[in-house]
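What follows is a protein structure lacking sequence information:
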């Protein structure tokens, strides 16, 4: 079984912004069902149990185990279980410290917990490791920079997110709040 990483739709980060990424696992039926639930943001008790079962009952390759931890973390993040989400992202990172989407999602969890400085380091790591959803990472980092008072960096990151995914409206919406003055 081989894991393929895939960025997914978005979870609320603040009133006007949203973010999250996920990992897809092909092969095992429970692991695949866990991915599909995470991809569709169906954060029900039954879907969390499917992820639990995938981790305990299926013989998963390490990459698939990492993917399933990230997917379960996304479901927990979607249901606002930030402690559980963090544990899952930590479990994924314990198995593969270079998993960019685990770093990205852990960073998003830190944003939701108002730990923006910690989030910045994690999102930077996701970008450095070449997350499969760089627009999402730049968007989240832009929001963090703005929160920390780095308006120039925030603007640059939001512009980069819009360039990377021109069809995604959230970066353009955030950029409308900026006025660029030439000196």
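Happy to help now that I have it. Just so we're clear, the structure is a prediction, and the values are computed from it rather than from any experiment.

Would you confirm that residue 179 belongs to a strand?
No: note on residue 179: no strand contains this position according to DSSP: H, G, I helix; E, B strand; the rest coil, which reports coil.

if I look at it, how far off is residue 159?
For residue 179, the distance to residue 159 equals 14 Å [CB to CB, to the nearest Å]. Heads up, the C-betas are built off the backbone N, CA and C, glycines and all.

Neighbour count: the two, which is higher?
Remark: of residue 179 and residue 159, residue 159 carries more neighbours, 17 against 6, as counted by other CB atoms under 10 Å.

for the more buried one, what are its contacts?
The contact partners of residue 159, taken as CB atoms under 8 Å, 6 or more residues apart in numbering, are 171, 175.

Now do it against residue 98, distance only.
The span separating residue 159 from residue 98 equals 28 Å under the rule CB to CB.

so where's the protein shaky on pLDDT?
Within the chain, the stretches with pLDDT under 70 are 1-28.

As a check, name the ranges of all strands in this structure.
3-6, 22-25 (DSSP state E).

give me the number of residues near residue 108?
As a measure of burial, residue 108 has 32 neighbours, counting by other CB under 10 Å.

Surely it and residue 119 touch.
Yes: here residue 108 reaches residue 119: they are 7.3 Å apart, a contact under CB atoms under 8 Å.

any shared contact partners between those two?
With contacts taken as CB under 8 Å, 6+ apart, the residues that reach both residue 108 and residue 119 are residue 140.

any idea which helix is longest in the protein?
Ordering each helix of the chain by length in residues (DSSP state H) puts helix 62-78 first.

Return the list of helices and strands in contact with that helix.
In terms of contacts (3 or more CB pairs under 8 Å, 6 or more residues apart in numbering; DSSP states H and E), helix 62-78 is packed against strand 3-6, strand 22-25, helix 29-39, helix 45-57, helix 82-95, helix 100-112.

now that helix and helix 45-57, what's the angle there?
Between the axes of helix 62-78 and helix 45-57, defined by axes from the mean of the first three to the mean of the last three CA atoms, to 10 degrees, the angle is 160 degrees.
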